[in-house]
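**Student:** Predicted model and sequence follow; I will ask about them next.
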Amino acid sequence: MKIVVANDSGYVASHFGRSEVFTVIDTEDDRIINRRDVPNSGHDAGCLPRIFEDQQISVVITGGLGERARSRLSERNIQLITGIRGRVDDAIDKYFRGELSSLEEICDHDHGRPHQGSCRCRGEDSE
């Protein structure tokens, strides 16, 4: 199983699509076998769900995310755990102890503002 945590400087990002990096956790038999940080390729509501599906991601942990990203991840049967705050390491530990569940969603950015940067896959509207 693979888990992704939206990460801003070691803390769970308040917005999935605008996180600095994604911490990708590869697990086997409920233990971590690999952990790496992958730069965010850009803020596009369709891009990241496709990449995560291709990478066989099972779970996304984040503070909040837009409705389109939520819908597209759900369509791909990727479990969402939202409303998470605090250190990435603490969130990962709580997940493996079975103590992490979705809370109130946090989404504190302006959806009307155009995103900056680009995504390596295009074809759907940016959020």
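**Tutor:** Looks like it came in fine.
**Student:** drop to CA atoms for contacts and neighbour counts, all remaining ones
**Tutor:** Noted.
**Student:** which strands and helices sit next to the lowest-mean-pLDDT helix or strand in the chain?
**Tutor:** When the helices and strands of the chain are compared on mean pLDDT, DSSP states H and E, helix 47-54 comes out lowest with a mean of 86. Secondary structure elements in contact with helix 47-54, counted by 3 or more Cα pairs under 8 Å, 6 or more residues apart in numbering; DSSP states H and E, are helix 67-75.
**Student:** Could you list every helix and strand that the helix it packs on packs against?
**Tutor:** helix 47-54, strand 79-81.
**Student:** Check the residue of the chain most remote from its centre and give its pLDDT.
**Tutor:** Taking Cα atoms, centre = their mean as the measure, the residue most remote from the mean C-alpha position of the chain is residue 29, 22.1 Å away. Confidence at residue 29, expressed as pLDDT, is 88.
**Student:** next one: phi and psi at it?
**Tutor:** When quoted as degrees, to the nearest 10, the phi and psi of residue 29 stand at phi 50, psi 40.
**Student:** now it: how far from residue 54?
**Tutor:** Plainly put, residue 29 is 22 Å away from residue 54 if you go by Cα to Cα, to the nearest Å.
**Student:** do residue 74 as well
**Tutor:** When Cα to Cα is applied, the distance between residue 74 and residue 54 equals 14 Å.
**Student:** related to what we said a few turns ago, in the least confident helix or strand of the chain, what counts as buried?
**Tutor:** By neighbour count with 16 or more other Cα atoms under 10 Å, helix 47-54 contains the buried residues 47, 48, 49, 52.
**Student:** What is the nearest of those residues to residue 25?
**Tutor:** residue 52 (12.3 Å; Cα to Cα).
**Student:** What ranges does this protein have for its strands?
**Tutor:** For the chain, the strands defined by DSSP state E occupy 2-8, 11-12, 21-28, 31-39, 59-61, 79-81.
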